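> Provided below are the primary sequence and the corresponding predicted coordinates.
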Amino acid sequence: MKKDLTLWQIIGFGFTSLGGTLLHFLYEFTNESFWSAPFSAVNESTWEHMKLLFFPLFIYALIQSRYFKEYKNFWCIKLAGITTGLVIIPALFYTYNGAFGKSPDWLNITIFFIGAFIAFLLETWLFKNNIIKCRKPLPAFILLVLICILFVFFTFTTPKLPIFRDPITGTYGI
């Protein structure tokens with residue numbers, strides 16, 4: 001399995017990139033259906049774009065975990081990779097917008113791909129170098145599930161904070 005790690009991560013990047021792109025349009029394509037809202041973008045807020053990264057990363061991690069049993073630190077590494085990818089999106093978005101004003105759409109799309117790329121790059125490095133010593137993987141998995149729950153919860157009960165505000169309409173959530 002270790003020799004296939006890079007291939008798994010490349011496939012994961014493709015899965016996440018395609019999945020996140022499809023999820024960006026799913027809510028609109030399904031005529032704003034209730035069932036698609038929890039995991040697809042319901043507006044253009046930074047939070048919703050983080051959601052587009054989280055769900056493909058998490059789903060791919062669930063798939064990958066079935067084949068990565070030899071890595072006892074699997075969920076700790078996935079937690080590190082996923083949270084890093086999630087932090088990259090607002091960090092780059094708000095840094096650019098703070099320095100230069102409104103970012104063009106192509107840059108916002110690029111930021112999503114950079115977040116996914118860095119997540120998989122970090123994970124690959126952590127898997128190969130065995131740096132994270134994960135005594136108990138269950139808490140890492142539970143944290144990822146809690147992040148999942150927060151994405152769903154904040155879709156329907158959206159705080160009035162800038163990260164949740166749609167920059168186009170000025171609205172929050174659905």
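Perfect, thanks for sending it.
> can you name the next helix or strand after the top helix by length along the chain?
Ranked by residue count under DSSP state H, the longest helix found in the chain is helix 74-100. Beyond helix 74-100 on the C-terminal side, the first helix or strand identified by DSSP states H and E is helix 105-129.
> tell me what that next one is packed against?
helix 5-29, helix 46-65, helix 74-100 (3 or more Cβ pairs under 8 Å, 6 or more residues apart in numbering; DSSP states H and E). Glycine gets a C-beta too; all of them are placed from N, C-alpha and C.
> please identify the most buried of the ones you listed.
Highest mean neighbour count of the helices and strands packed on helix 105-129: helix 46-65, a mean of 21 (counted as mean count of other Cβ atoms under 10 Å).
> just checking, what packs against that one?
By 3+ Cβ pairs under 8 Å, 6+ apart, helix 46-65 packs against helix 5-29, helix 74-100, helix 105-129, helix 137-156.
> change it to 6 Å
helix 5-29, helix 74-100 (3 or more Cβ pairs under 6 Å, 6 or more residues apart in numbering; DSSP states H and E).
> same question for the longest one, mean pLDDT?
When the per-residue pLDDT values of helix 74-100 are averaged, the result is 93.
> run the chain-centre distance for it.
Relative to its chain's centre, helix 74-100 lies at 9 Å (Cα atoms, centre = their mean, to the nearest Å).
> how about the shortest one?
Distance, stretch centre to chain centre, for helix 5-29: 10 Å (Cα atoms, centre = their mean).
> that one to helix 74-100, inter-axis angle?
60 degrees (axes from the mean of the first three to the mean of the last three Cα atoms, to 10 degrees).
> pLDDT weak spots in the protein?
1-3 (pLDDT under 70).
> returning to that earlier point: for Ala116, find the nearest of the helices and strands packed on helix 105-129.
Among those, helix 5-29 comes nearest to Ala116, with 4.6 Å by Cβ to Cβ.
> so which of the helices and strands packed on helix 46-65 gets nearest Arg66?
Per Cβ to Cβ, nearest to Arg66 of the helices and strands packed on helix 46-65: helix 74-100, 10.4 Å.
> who are the packing partners of the closest one?
Helix 74-100 packs on helix 46-65, helix 105-129, helix 137-156, going by 3+ Cβ pairs under 6 Å, 6+ apart.
> so how far is Val152 from the closest residue to Phe39 other than its chain neighbours?
Once flanking residues are discounted, Phe39 sits nearest to Phe55: 4.6 Å by Cβ to Cβ, 6 or more residues apart in numbering. From Phe55 over to Val152 the distance is 10 Å, taken as Cβ to Cβ, to the nearest Å.
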